[in-house]
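[1] Give the three-dimensional model of this entry:
(one chain, ligands or ions: 1)
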Amino acid sequence: MLSENNGVLHIDGISVEKIAEDYGTPCYVMSEDHIRSVCKLYKGAFDKFYEGKGMPLYASKAFSACEIYRIVNEEGFGVDVVSGGELYTALKAGFPASKIYFHGNNKTSDELKMAVECGVGRIVVDNKEELHMLNKIAGKHGKVAEISFRIKPGIDAHTHDFIKTGQIDSKFGVALENGEAFDIIQEASALNNVKVVGIHCHIGSQIFDSDPFELAAEVMLNFANEVRSKLGITITELNLGGGFGIKYIAEHNPKAYDEYMRLVFAKVKAVCEEKDFPLPFILVEPGRSVVAESGITLYTVGSVKEIKDVRTYVSVDGGMNDNPRYALYKAPYSADIATKLGQPKDKIVTIAGRACESGDLIQEDIALQDPKAGDILVVYATGAYNYSMASNYNRVPRPPVIMTNNGKARVIIKRETYEDIIKNDVL
Ligand SMILES: *Cc1c(COP(=O)(O)O)cnc(C)c1O
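    Numbering: from 1, shown residues only. Here you go, the predicted model:
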């Protein structure tokens, strides 16, 4: 999807100079071709290695917009949503409710009502308060909600502390090791308006090894086996969450996504055979890996401030407003001057945004081709957790999202206007 022509970066065959000229900067650009090819890897793995007995869900918090729900639906995915807003967007895009999995550690009663009314496929229950609230709401609607449980399997996925969610000290879900998970399933089995179908775990993000996923599958299946023998309930759905790593910088080396899946399926089959447990329907929830590498952000360079013996600040017309990930957790990114690709990257610079915060940086001390005011700067792999985490801090309008496909570009989210910014202000 990315290529070079005469030193100029192209995406799906279109020069980024042309995109910047047509749509302005800053802007996000996403390759539809790339998104679809990743979807096919995941989907194909279920067919090839697990007899199609499962479904990948796109974790839409990575990038939620009507167009992405339409695309992943065409690719045979379900989706995971974590809020009423994401659920609303998916439904507006025509996404089938039965393939929507509703997550969240503190869903409100309004959100649960909305989920029950539209008939989402599963509600992934996080805690006992939610279980009882849902049972009541489903009862009022004369429905039985099919549920799964968010479980902490106690696995350390060797990732950054801020985004590690598998262990017991986490706000998400119920733990295995202290019996909470067992208790909540027992409690649910006595309720009339929920039906226990599955168990779910999500062990972290930006994971490169397959071992943590295989271990999670084993731990979860052992637990399902315990539930079967002690409660007589057979879990038929195992959701292993997302977290598959992507390449932000050269040192990152994720496996091909169908390879993770092949290894996980092999483990599931081995454990099920050993325990004589019926093969569960498997779900995985890739978010980042579906969209991150498909996306780039284009900025225009403003000032280049060389502070002798200290550092050089290259300021761009966006920043933490459109990409807060470096400010939040020092996330690594790679960048280029998009029209100087052939030239030596011999300037060490810090890319700064335009927000009134010293911490508004995109990256510190990275090598760039000699940057000058007016140059287009590209930051790579911004398709996930950028637009979805963007803010209007300093009342900066959010950039548009442009989607490219086979030599054509189209707007899928418009640039916000100042009118949008004051839309909810009461004058
Ligand atoms: C965030 C999240 C995902 C997606 O994680 P990625 O790292 O984007 O693949 C999947 N499932 C749950 C429950 C999540 O919270």
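
[2] Could you use CA atoms for every contact and neighbour count after this?
    Fine.

[3] residues contacting whatever residue of the stretch 51-200 of the chain ends up closest to the ligand?
    The minimum distance from the stretch 51-200 of the chain to the ligand, using C-alpha to the nearest ligand atom, falls at Ala59 (4.9 Å). Shown in contact with Ala59 (C-alpha atoms under 8 Å, 6 or more residues apart in numbering): Val79, Asp80, Val81, Gly242, Glu285, Pro286, Gly287, Arg288.

[4] Near the ligand, which residues of this structure are found?
    59, 62, 202, 205-206, 241-244, 285-289 (C-alpha under 6 Å from any ligand atom).

[5] Mind listing what's buried along the helix or strand hosting Leu283?
    Assigning secondary structure by DSSP states H and E places Leu283 in strand 281-284. Residues Phe281, Ile282, Leu283, Val284 are the ones in strand 281-284 that count as buried (16 or more other C-alpha atoms under 10 Å).

[6] Closest one to the ligand out of the residues you listed, please.
    Of the buried residues of strand 281-284, the one sitting nearest to the ligand (C-alpha to the nearest ligand atom) turns out to be Val284, at 7.7 Å.

[7] Correct me if wrong: that closest one contacts Gly243.
    No. Look at Val284 against Gly243 with C-alpha atoms under 8 Å: they stay out of range, at 9.3 Å.

[8] what's the pLDDT at the nearest residue to Pro400 once chain neighbours are set aside?
    Among residues not flanking Pro400 along the chain, Arg415 sits closest, at 4.0 Å (C-alpha to C-alpha, 6 or more residues apart in numbering). Predicted confidence (pLDDT) for Arg415: 98.

[9] State the pLDDT value of Ala157.
    Ala157 is given a pLDDT of 74.

[10] meant to ask about Lys164
    53.

[11] returning to that earlier point: now, which of the contacts of Ala59 lie within helices?
    Residues of the contacts of Ala59 located in helices (DSSP state H): Arg288.

[12] sorry, back to before: what is the strand holding Leu283 packed up against?
    Using 3 or more C-alpha pairs under 8 Å, 6 or more residues apart in numbering; DSSP states H and E, the elements in contact with strand 281-284 are strand 54-59, strand 237-239.

[13] Could you give me the buried positions within the helix or strand just after the shortest one?
    Remark: after strand 237-239, the chain's next helix or strand is helix 257-275, criterion DSSP H and E. The neighbour-count criterion (16+ other C-alpha under 10 Å) identifies 257-262, 264-265, 267-269, 271-272 as the buried residues of helix 257-275.

[14] Using JSON lines, lay out those residues together with pLDDT.
    Formatted as JSON lines, those follow (pLDDT from 0 to 100):
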{"residue": "Tyr257", "pLDDT": "96"}
{"residue": "Asp258", "pLDDT": "96"}
{"residue": "Glu259", "pLDDT": "96"}
{"residue": "Tyr260", "pLDDT": "96"}
{"residue": "Met261", "pLDDT": "97"}
{"residue": "Arg262", "pLDDT": "97"}
{"residue": "Val264", "pLDDT": "97"}
{"residue": "Phe265", "pLDDT": "98"}
{"residue": "Lys267", "pLDDT": "98"}
{"residue": "Val268", "pLDDT": "98"}
{"residue": "Lys269", "pLDDT": "98"}
{"residue": "Val271", "pLDDT": "98"}
{"residue": "Cys272", "pLDDT": "98"}
